[in-house]
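Undergrad: Requesting a structural model of the entry that follows:
(one chain, ligands or ions: 1)
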Amino acid sequence: MSRRRRLDPFDLRIDGLAKGGVGCGVAPDGKSMHVRGAPPGSVIHVVPQGFRKGTWQGRRVRMVEEPPEMVAPKCAVFGLCGGCQLQELPLDAQRVHKTKLAVTQALGEAGPENVQVHPTRGAADAYGYRNKVELSFGVSRFLSEEDHANGVPIEGRFIGMHAPGRFDRVVDSERCELIPEAGNQALTLVRKHALAESAPIPWNVREHTGFWRHLMIRASEVDRELLIALYTASPEEGAAEVVTALAEALMAFEYADGWSVAGVIWGINDGVADVARGEVQQLWGRDTIQESLLGRRYRLSATAFFQTSTKGAERLYETIGEALGSPSGTLVDLYCGTGSIGITLAEGFDRVVGVELVEAAIHDARANAEANGVTAEFRVGKVEDALDVLKSTEGRRSLVVDPPRAGLHPKVAKALATATAEVLVYVACNPASLGRDRAFLEAGGWKLAELWVVDLFPHTGHTEVVGRFVRDTQGEG
Ligand SMILES: C[S@@+](CC[C@H](N)C(=O)[O-])C[C@H]1O[C@@H](n2cnc3c(N)ncnc32)[C@H](O)[C@@H]1O
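TA: Purely as a prediction, here's the structure:
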């Protein structure tokens, strides 16, 4: 066994953030170490857990020295649940460290030479910003070391997020601070009914037995409505009555601040895959709610894709609009999902053309365009198979690409490099992908002129970056 692998537990000073929002510092052997839930500026007592690709992974045991801006995390299960990593820092400090990471990932160590980097923006709300949460029921929970040592039982009836890296354990949670208060009130009702001793037992993900599987809560801030989906295995005797009592209680409850439940969907999932999906068995109320982005309305079913931070998405879409500049001609929206970028920013363009792989998303995109009076053509397919959209449109053309984490397919990068357009706006949920694809685009004559970092998800390590590419000579292809 190598010397590195025998590193003893030690106190690690956290200098900054690394990929995924983990804290990073330098171990006594000079190698870098990554630790989940470790805020920059703190000193953490860590247990080294493994060494991969030149970097140690460490587990936080306790905080030895607080960061100078330390704040108390709001969440009772912070550190256990994998959802948030940075609740111990105020929002502005989180953004400083997240920006540094995103800019380095997007622009490399050379930094912003010849690229204008704008101040980071994001939603003003640090908590309660998520419009959707999916929780899992389970029969085994993940405990803190202290609870473990105190003999707190692991087996029982629970609901929460899966613990990081533990598909079989949930972090039992009474609340999630990232969702609106009404969502937490609904969660309390679900816990009361579904986790009662007399209720059917939750799903056992190892043995594929049990009843309750997932809870999805979707929230519309604009209409103050919740849409709730309960996913279970097929009901045995008496189970349907329990679901009915729960659904009726969810519909009837008087929620805080005038919120209400628009509908409760009961879906059956007897499959092995641990996904919050199921064939609809029964519906109470409506099966859709509406959300609004910069004044455009979107109708959402339980399973429809939508940006999960509404106010964060508004800042992101405003930024994309700013990066596009003055609108005219055709807006080409590649990897368009449910079409929300093109539809939200359609004003001033003659038409929107979108391409997306998932058929259901295109179905929603067409309905959303029609409902918002936007002239649009949305196509189902792979962008790499639809590159004619870069040629077929007459007149002025502006391009937006919002690819998945892996970035552009090489065929797409090549076609975009030589495409004739006024401007190309690259939206990246993985800033490193923009960094890699920039080289292809610049080889074709584009130049990355401006970069924005948008913080959609406070307390997580996630950021989006928006890059504005321009031609040195406008219109040259
Ligand atoms: C980051 S999301 C962008 C969603 C959308 N622009 C929005 O703001 O809501 C990336 C989208 O690309 C789609 N996608 C993935 N690979 C694709 C491909 N090869 N061709 C077309 N779409 C693809 C995914 O289904 C997903 O909807």
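
Undergrad: ok, whatever residue of the stretch 151-300 of the chain ends up closest to the ligand - contacts?
TA: Among the residues of the stretch 151-300 of the chain, residue 293 lies closest to the ligand, at 9.5 Å counting by C-beta to the nearest ligand atom. Every residue, glycine included, has its C-beta placed from N, CA and C. Taking C-beta atoms under 8 Å, 6 or more residues apart in numbering, we find residue 293 in contact with 307, 310, 313-314, 317, 340, 344.

Undergrad: 6 Å - rerun?
TA: With contacts defined as C-beta atoms under 6 Å, 6 or more residues apart in numbering, residue 293 is in contact with 313-314, 344.

Undergrad: Got a quick PyMOL command for the buried subset of those residues?
TA: Selecting the buried subset of these in PyMOL, with 16 or more other C-beta atoms under 10 Å as the burial test, is done by:
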select buried, resi 313+314+344
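
Undergrad: Rebuild the contacts of residue 293 as a markdown table, extending it with pLDDT and secondary structure.
TA: Output for those, formatted as a markdown table (pLDDT from 0 to 100; DSSP: H, G, I helix; E, B strand; the rest coil):
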| residue | pLDDT | secondary structure |
| --- | --- | --- |
| 313 | 96 | helix |
| 314 | 97 | helix |
| 344 | 97 | helix |
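
Undergrad: Look up the closest residue to the residue most central in space within the chain, ignoring the ones flanking it.
TA: The central residue of the chain, meaning the one whose C-alpha is nearest the mean C-alpha position (C-alpha atoms, centre = their mean), is residue 308 at 6.3 Å. Closest residue to residue 308 in three dimensions, ignoring its sequence neighbours and counting by C-beta to C-beta, 6 or more residues apart in numbering: residue 132, at 5.0 Å.

Undergrad: how about the closest residue to the ligand within the stretch 301-450 of the chain, what does it touch?
TA: For the stretch 301-450 of the chain, the residue closest to the ligand is residue 337, as judged by C-beta to the nearest ligand atom, at 2.9 Å. Shown here is residue 337, whose contacts under the criterion C-beta under 6 Å, 6+ apart are 305, 356, 361.

Undergrad: Quick one: neighbours of the closest residue to the second one other than its chain neighbours, just the number.
TA: What sits nearest to residue 356 in space, not counting adjacent residues and going by C-beta to C-beta, 6+ apart, is residue 336, at 4.7 Å. Burial of residue 336, expressed as a neighbour count using other C-beta atoms under 10 Å, amounts to 27.

Undergrad: Residue 148 too?
TA: Residues lying near residue 148 (other C-beta under 10 Å) number 11.

Undergrad: Quick check: pLDDT value at it.
TA: Reading off the per-residue confidence, residue 148 sits at a pLDDT of 91.

Undergrad: so it sits in a helix?
TA: Yes - assessed by DSSP: H, G, I helix; E, B strand; the rest coil, residue 148 belongs to a helix.

Undergrad: how close does it sit to residue 29?
TA: As judged by C-beta to C-beta, to the nearest Å, residue 148 and residue 29 stand 30 Å apart.

Undergrad: And the contacts of the helix ranked longest in the chain?
TA: In the chain, ranked by residue count with DSSP state H as the criterion, the top helix is helix 91-107. Helix 91-107 is contacted by residues 16-17, 40, 69, 86, 117, 120, 126, 431-432, 434-435, 453, 455, 458, 463, 465 when judged by C-beta under 6 Å, 6+ apart.

Undergrad: next one: that helix to chain centre, how far?
TA: Its chain's C-alpha centre and that of helix 91-107 lie 17 Å apart, by C-alpha atoms, centre = their mean, to the nearest Å.

Undergrad: Just the mean pLDDT for the helix or strand just after that helix, thanks.
TA: Stepping forward along the backbone from helix 91-107, the first helix or strand reached (DSSP states H and E) is strand 116-117. The predicted model assigns strand 116-117 a mean pLDDT of 97.
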